[in-house]
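Student: sequence and predicted structure are below.
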Amino acid sequence: MAVLVFFVAHYFLSLFAQTFFLHRYSAHKMFTMSKGWEKFFHLFTFVAQGSSYLDPRGYAILHRMHHAYSDTPGDPHSPTNHQGPWALFTMMWQTKTTYDAIAYGGPAPESRFDGDTPSWPILEDLSRRWSVRLTWGALYFTFYVVFATEWWQFLLVPVHWLMGPIHGSIVNWCGHRYGYRNYDSSDVSRNMLPFDFLAMGELFQNNHHRHASRPNFANRWFEVDPCYQVMRVLSALGIIRYVGKSPAAQRSKTKDTAAIARATTSGAQG
């Protein structure tokens, strides 16, 4: 039971850090927060992701490239660019090499993708040290030594080591291969799960690619974005403030646009 609780807690805490702080805040700046809260969630992300911690600037630039070049040869992590039985792993490797080049001093990215990302030089320097990453990995393994009751439970340890990249791979692979589409677009983004609790809203990829600045990735009545529900609480508490129009106004605009489109189509048919 302890192993199950630990695995589920690490899975969802790491996932929340990735979607809330790295994706919606660092990459898209959907909301603002005070410098104090930014430091808190930056540290939270470091602790939650542990050995697989992702640098906010590196993540943000990589993700902005993904939106700009979605499902074209310039996309750093699109399944459409990889074929064969090892396609998922070659996509993961391309993501890693591109991220490493951005985060660890490789060639400078296009200027339009850089800037306005959280920065904490001391923490970033600490996170890059192999001694720190190996310490995180050793702590995960030690937990299993103490609490595991069956040998097969140790097979979960590598998932802890690579939790951040695993989350990213699930979203980028499944969100561009499986599911339904609410919007036509030039990319192949899809919505995989009507109630996206397993990815905290991240698998509403088609919705997100259509409305990249919307805090709520859900759109239709049967879609629920769990991360957005947490954000609503944080907003009510004054911890975050949405940028631009309120989510309610954005939803209203989306409905109005859809109504106009239906009316136009209906008129053309008539």
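Tutor: Everything's here; your move. Residues are numbered from 1 along each chain as shown.
Student: going along the chain, name the strands of the stretch 51-200 of the chain.
Tutor: Counting by DSSP state E, counting those that start in this stretch, the stretch 51-200 of the chain forms no strands at all.
Student: find the centremost residue of this protein, please.
Tutor: The chain has T19 as the residue nearest its centroid, 4.0 Å off, counting by Cα atoms, centre = their mean.
Student: so it touches C227, yeah?
Tutor: Yes. At 4.8 Å, T19 and C227 qualify as touching, with contact defined as Cβ atoms under 8 Å. C-beta here means a position set from N, CA and C on the backbone, and glycine is covered the same way.
Student: what sits in contact with each of the two?
Tutor: The contact sets of T19 and C227 overlap at 200-202 (Cβ atoms under 8 Å, 6 or more residues apart in numbering).
Student: and which of these is nearest to Y242?
Tutor: Using Cβ to Cβ, G201 comes nearest to Y242 of the shared contacts of T19 and C227, at 15.5 Å.
Student: the closest one: neighbour count?
Tutor: G201: 29 surrounding residues under other Cβ atoms under 10 Å.
Student: what about it, which SS state?
Tutor: Here G201 is recorded as coil under DSSP: H, G, I helix; E, B strand; the rest coil.
Student: ok, now which ones touch it?
Tutor: G201 touches 19, 216-218, 225-228, counting by Cβ under 8 Å, 6+ apart.
Student: rerun that using 7 Å as the cut-off
Tutor: 19, 217-218, 225-228 (Cβ atoms under 7 Å, 6 or more residues apart in numbering).
Student: out of the shared contacts of T19 and C227, the closest to P109 would be?
Tutor: E202 (22.7 Å).
Student: residue contacts, the residue lying closest to the closest one once chain neighbours are set aside?
Tutor: Nearest residue to E202, sequence neighbours excluded (Cβ to Cβ, 6 or more residues apart in numbering): V171, at 4.6 Å. By Cβ under 7 Å, 6+ apart, V171 lies in contact with 199, 202-203.
Student: tell me how far V171 lies from M200.
Tutor: 10 Å (Cβ to Cβ, to the nearest Å).
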